[in-house]
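A.B. asks: generate a structure from the sequence data that follows.
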Amino acid sequence: MAAAAFRAAGRGYGVRVELAQWTTLRLGGPARRVVEADGEDALVAAVREADRAGDPVLVLAGGSNVVVADEGFDGTVVRVLSRGVVRRTGEHGRALLEVEAGEPWDPFVARCVADGLSGVEALSGIPGSVGATPIQNVGAYGQEVRETVATVRVLDRRTHEVADLSAAACAFGYRTSRFKREPGRWVVLRVTFELEPSALSRPVAYAELARRLGIAIGERAPLADVREAVLALRRGKGMVLDPADPDATSAGSFFTNPVLDDEAFAVLRERAAPDEPPAWEQDDGTVKTSAAWLIERAGFTKGHGDPAGIAISSKHTLALTNRGGGSTAQLVALAQEVAGGVRERFGVDLVPEPVFVGHRWDPVPAAR
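C.D. replies: Just a heads-up that it's a prediction; the model follows:
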């Protein structure tokens, strides 16, 4: 449907609501209808109502992990504006924090650090909402949310029932979960985290962060020091939201690090020779390698693209940026160019991290 054909209805909005204003990429066309949900009951009611009407639904909070089509979304956009954090005491004196889905993520992390609660400090600076974190199993600098998620309260759109899922039931994996594997079925309403009361971080597991802190891998450091070190590292890569930094207008890392079986990794090593690709062995016997390493050695440099529009970040080859005046179509074209170059050079398929809305990611054709 052409963009001009969309109409928007919703509290406080005019005839046309561009979704670009609610995404960190500043891309995306108009929505046909927008509903604001400022609490769990309102969120459940809005989704149930749209489902009963047979209307497509997009649940949108921080907008940091979505790529919305230029044509927009021909359905109901439910904006998650729920707020609230309730602290309880769990077993062995641990802190249980019940956090509404609409709470912004980084202020929540800052609060945990200030309150002396360990477990999410290395996830500082990540944009978006709390409700989005279990969907992607958000991770950075050696931490993932699955390490601290106790339960996730959800609306199951198949049954329209509300349920609390244990961490095990969420089936977390590398940048994935049950919610991501069953797209459209689940709406996250609240997340409960179990954190350790401690002035020190969890053991630092990421070499770059350990070097920044001046400690060995496996050692702990003051929570505030870890947060500041992570924020500094992220700023250096354009991965902290900053209106003054054109590299920050992105969806973060656009591609996940490939996880390869033995045969695929052997092919990569052969094609990469005499260079040796990065390799991190996984518990299941697969090997994770670096998407940024592949992109750079496939010939894509920082800043590749249109310096006044859509381009690879000048600070980090994993981020695709909108420097003003770009379109989603141009962004996807650049992503396809990068993925196609990696496929041709190394035989490895890159998988996007963000969710595509109103369009889809077409796998890169095999090189001939």
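A.B. asks: how does the protein divide into domains?
C.D. replies: The record assigns the chain these domain ranges, following automatic domain parsing: 3-80, 85-236, 246-357.
A.B. asks: can you lay out those as TSV showing mean pLDDT?
C.D. replies: Formatted as TSV, those follow (pLDDT from 0 to 100):
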stretch	mean pLDDT
domain 3-80	86
domain 85-236	97
domain 246-357	96
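A.B. asks: among these, which is nearest Pro363?
C.D. replies: domain 246-357 (6.9 Å; Cβ to Cβ). Any C-beta I mention is one placed from the backbone N, CA and C, and that applies to glycine too.
A.B. asks: ok, Ala31 - contacts?
C.D. replies: Listed by Cβ atoms under 8 Å, 6 or more residues apart in numbering, the contact set of Ala31 reads 6, 8, 17, 19, 58, 72-73, 75-77.
A.B. asks: let's see it at 6 Å
C.D. replies: When contacts are counted by Cβ atoms under 6 Å, 6 or more residues apart in numbering, Ala31 touches 8, 17, 19, 72-73, 77.
A.B. asks: any chance of the domains of the chain in JSON lines, plus distance to Pro363?
C.D. replies: As requested, the domains of the chain are exported to JSON lines (distance: least, Cβ to Cβ, whole Å):
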{"stretch": "domain 3-80", "distance to Pro363": "16"}
{"stretch": "domain 85-236", "distance to Pro363": "17"}
{"stretch": "domain 246-357", "distance to Pro363": "7"}
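A.B. asks: just confirm Asn137 contacts Arg178, I think it does.
C.D. replies: No: counting by Cβ atoms under 6 Å, Asn137 does not reach Arg178; the two are 10.0 Å apart.
A.B. asks: out of these two, which sits in the busier spot?
C.D. replies: Using other Cβ atoms under 10 Å as the criterion, Asn137 and Arg178 rank with Asn137 on top: 21 against 18.
A.B. asks: for that one, phi and psi?
C.D. replies: Phi and psi for Asn137, reported as degrees, to the nearest 10, are phi 50, psi 60.
A.B. asks: nearest residue to it other than its sequence neighbours?
C.D. replies: Phe172 (4.7 Å; Cβ to Cβ, 6 or more residues apart in numbering).
A.B. asks: dump the residue contacts of the residue nearest to the spatial centre of the chain.
C.D. replies: Nearest to the mean C-alpha position of the chain, by Cα atoms, centre = their mean, lies Asn65 at 4.6 Å. Taking Cβ under 6 Å, 6+ apart as the contact definition, Asn65 lies against 251, 354.
A.B. asks: how much space is there between it and Arg212?
C.D. replies: Counting by Cβ to Cβ, to the nearest Å, the separation of Asn65 from Arg212 is 25 Å.
A.B. asks: and the closest residue to Gly341 other than its chain neighbours, how many residues sit next to it?
C.D. replies: Distances taken as Cβ to Cβ, 6+ apart place Ala298 nearest to Gly341, at 4.3 Å, with adjacent residues excluded. Neighbourhood size, Ala298 [other Cβ under 10 Å]: 19.
A.B. asks: measure Ala298 to Pro352 for me?
C.D. replies: 16 Å.
A.B. asks: is it possible to get a markdown table of the contacts of Ala31 that adds distance to Pro104 and secondary structure?
C.D. replies: Formatted as a markdown table, the contacts of Ala31 follow (distance: Cβ to Cβ, whole Å; DSSP: H, G, I helix; E, B strand; the rest coil):
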| residue | distance to Pro104 | secondary structure |
| --- | --- | --- |
| Ala8 | 24 | coil |
| Val17 | 21 | strand |
| Leu19 | 18 | helix |
| Gly72 | 24 | coil |
| Phe73 | 22 | strand |
| Val77 | 18 | strand |
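A.B. asks: of these, just the buried ones, ChimeraX syntax please.
C.D. replies: Provided next is the ChimeraX selection string for whichever of the contacts of Ala31 are buried by 16 or more other Cβ atoms under 10 Å:
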select :8,17,19,72,73,77
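A.B. asks: of the contacts of Ala31, closest to Ile312?
C.D. replies: Ile312 lies nearest to Leu19 out of the contacts of Ala31, by Cβ to Cβ, at 23.5 Å.
A.B. asks: which residues touch the closest one?
C.D. replies: Counting by Cβ under 6 Å, 6+ apart, Leu19 has contacts 28, 31, 68.
A.B. asks: nearest spatial neighbour of Gly93, skipping sequence neighbours?
C.D. replies: Counting by Cβ to Cβ, 6+ apart, Gly93 lies nearest to Pro197, which is 6.3 Å off, once chain neighbours are set aside.
A.B. asks: was I right to think Thr192 contacts Val99?
C.D. replies: No: counting by Cβ under 6 Å, Thr192 stays clear of Val99, with 7.3 Å between them.
A.B. asks: and these two? Which one has more around it.
C.D. replies: More crowded of Thr192 and Val99, by other Cβ under 10 Å: Val99, with 23 against 19.
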